[in-house]
Every structure is written in structure tokens, then in C-alpha cells.
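In: Output the structure for:
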Amino acid sequence: MSYFADSNGIKIRYQIKGEGEPLVLLMGFGADGDTWEKHVAEYQHHFKCYLIDNRGVGGSDQPKGPYSTKMMAEDTIAVMDHAGIDTAKVAGISMGGAIAQELALNFPQRVTKLALISTWPRFNTYAKTVYENLKKIRVTSNPEDFMELLQLWIFAPPYYEEGLQSLKEGQRSAASNSNPQSRFGFEGQLDACIQHDTVARLANIKVPTLITVGEKDIFTPPEFSKVLHEGIKDSRYESFPDGGHVHHWEDLERFNQLTTQFLIND
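Out: Numbering: from 1, shown residues only. This next block holds a predicted model:
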């Protein structure tokens, strides 16, 4: 079942699965809340999970930008208010992790624990150029080819040895998607990623924080996560040696076990 919160006139869709303490789940660019499916299969046994479609994707409104990660953190608060959640544990992947940082910084009383996955505090010039290039390439590519390009960025080489057929299925699904992300939504989300910058404020994140990263991530490389780890006092850093940007799928069993135990334990 879908629910809709109003965030300053923008409709934000979310779903609820499981029972227990609230766990807010924030996905990366171009992906809606359903993309948490393989993790929620485990999380829902321990938490009441709130799967959010960020502005610009899925069942949420996709207005023209600019977007910012702070703006999407405010969208998250609108969902929490609508759902009657005072405080929650928060997990965010990629752009979702950037949103989670802004959530903890701007609404510290609402966040009790953070899991920051394949994310960053600030892009360097190279990463900004990659994201600007993605905006251009998406306009000129068909959905199947663009999905293949994204997969090459986010999956590590070891996964291709066994997972090539699964990747090709993902490409075909992109080609047959009857409700693709709008250009406004895609470019708005990427602009939010490009402009995100919490480096000078990381010391203000006071909640227990787990940082996970794939050692073979070329999209948001480990150097970015190390800045987070150094800036957030007492944060925990866990790497996945053969994982890429989506180590959370590539080594699903370890990732689910690691994050679940972190989120459960006081």
C-alpha cells in the first residue's frame, strides 16, 4: 500500500513494511523505494520500514529543479511527520546517504542511528564531471544502453563473471519500463548529488554511524567514504573487498547481516 506526504506542495510517496522500531530507507538517484526489496526482506523482521520514493522518481512528484539533498531531507521529515514518527534509524544508499547526512545535521533530534552506504560528503571535480556527463548521455541514449552504462559504473568486475545474465535482464527491464524517470527528475537528482557538501559539518553528526563501501567502487570511491569516517566521530567503517558501488547487492548476505546487527544493537 502506498501513502503520500505533502512536502511544501510536493507529493512524496512511501510504503511501510514490517513491524518494530522505525527504519527510514533512502535510495540513490534514479531508483524508487522498491529498490530496497532484497534488504527489506531481512529488515522487515526487525523494523517497521519506511521505503521512500525521493522527489524526482517513482510515485513522488518530479518537478523541475533545482533539487538539493537538504530539500530531500525536508521531504523525509514530511514523510516522518505524516507517518507519526518522532525518531527513526536511517539508512541511505548513494544519494540516499547524502540525504541521510543532511537529515542528521538539520534534524538531529529526529535521527537515532545512521547507515551510510556507498556515499560521499563532497564530490571532487572528476565525480562532478561524471555526473554532468550522465545527464548528457541519458538524453542521447536508449534506456537499455543507458542502463548498461550505469551497470558498468556501479557493478565491480567480479560480479560480471557470474551475474551477466542478471545484468542483461536489468537492461531489458529498463527498455520495457512504462513509467521511466522524467528528465526533470533525473537531472534534478543529479544536480543535488553534485552540489552536496557536508565536509565542514561532519563533526556535528553525533549519532552512531556505520559506513560501508566497496573497495572496487569507481563511482563513489572509498576515498569519499574515508572522509566521512574521519569526520564523523566514532563512526564504524566496513569495506567489501570485491564490491563496487552496489556492494549491498553483490554481497547481499554479508551486507544484510552487517547492517541489521548494527541497526539492532544499542
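In: show me the contacts for residue 184.
Out: Residues counted as contacts of residue 184 (Cβ atoms under 8 Å, 6 or more residues apart in numbering) are 56, 62, 63, 64, 65. Placement of C-beta: from N, CA and C, glycine included.
In: Tell me the first helix or strand C-terminal of the host helix or strand of it.
Out: Using DSSP states H and E, residue 184 maps to helix 183-195. Later in the chain than helix 183-195, the nearest helix or strand by DSSP H and E is strand 209-214.
In: Then residue 31 would be within a strand, right?
Out: No: read with DSSP: H, G, I helix; E, B strand; the rest coil, residue 31 is coil and lies in no strand.
In: so how far is residue 231 from it?
Out: Between residue 31 and residue 231 the distance is 26 Å, computed by Cβ to Cβ, to the nearest Å.
In: same thing with residue 5?
Out: Note on residue 5: its distance to residue 231, by Cβ to Cβ, is 30 Å.
In: Also residue 67?
Out: Taking Cβ to Cβ, one finds residue 67 at 24 Å from residue 231.
In: between these two, who's got more neighbours?
Out: Between residue 67 and residue 231, counted using other Cβ atoms under 10 Å, residue 67 has the larger neighbour count: 26 against 19.
In: Secondary structure class of that one, three-state.
Out: Assignment for residue 67 (three-state DSSP): coil.
In: what about the strands in the protein?
Out: 2-7, 10-17, 21-26, 47-52, 88-93, 111-117, 209-214, 236-240 (DSSP state E).
In: Need the distance between the two termini of stretch 189-200.
Out: One end of stretch 189-200 sits 22 Å from the other (Cα to Cα, to the nearest Å).
In: Mind listing what's buried along the helix holding residue 184?
Out: Neighbour-count burial for helix 183-195, with 16 or more other Cβ atoms under 10 Å as criterion, is recorded at 185, 186, 187, 188, 189, 190, 191, 192, 193, 194, 195.
In: Report the distance from it to the chain centre.
Out: Centroid separation for helix 183-195 versus its chain: 13 Å, with Cα atoms, centre = their mean, to the nearest Å.
In: Likewise for stretch 178-190?
Out: How far stretch 178-190 lies from its chain's middle: 15 Å, per Cα atoms, centre = their mean.
In: ok, now stretch 87-99?
Out: Chain-centre distance of stretch 87-99: 6 Å, with Cα atoms, centre = their mean.
In: how many neighbours does residue 238 have?
Out: 17.
In: meant to ask about residue 37, not that
Out: Neighbours of residue 37 under the rule other Cβ under 10 Å: 10.
In: quick one: buried residues of the longest helix along the chain?
Out: The longest helix of the chain (DSSP state H) is helix 157-176. Neighbour-count burial for helix 157-176, counted by 16+ other Cβ under 10 Å, picks out 159, 163, 170, 171, 174.
In: which residues touch that helix?
Out: Around helix 157-176, the neighbours that count as contacts under Cβ under 8 Å, 6+ apart are 142-148, 151, 155, 180, 216, 242, 244, 250.
In: same thing with stretch 136-155?
Out: Contacts of stretch 136-155 (Cβ under 8 Å, 6+ apart): 30, 130, 134, 163, 167, 170-175, 177, 180, 183, 186, 218-219, 244-246, 250.
In: if we go to 6 Å?
Out: 167, 170, 171, 174, 175, 219, 244, 245, 246 (Cβ atoms under 6 Å, 6 or more residues apart in numbering).
In: State the mean pLDDT of that stretch.
Out: Mean pLDDT, computed over stretch 136-155, is 97.
In: Any idea how far apart the tips of it sit?
Out: Stretch 136-155 has its terminal residues 21 Å apart, counting by Cα to Cα.
In: I'd like the distance from it to the chain centre, please.
Out: Stretch 136-155 sits 18 Å away from the centroid of its parent chain (Cα atoms, centre = their mean).
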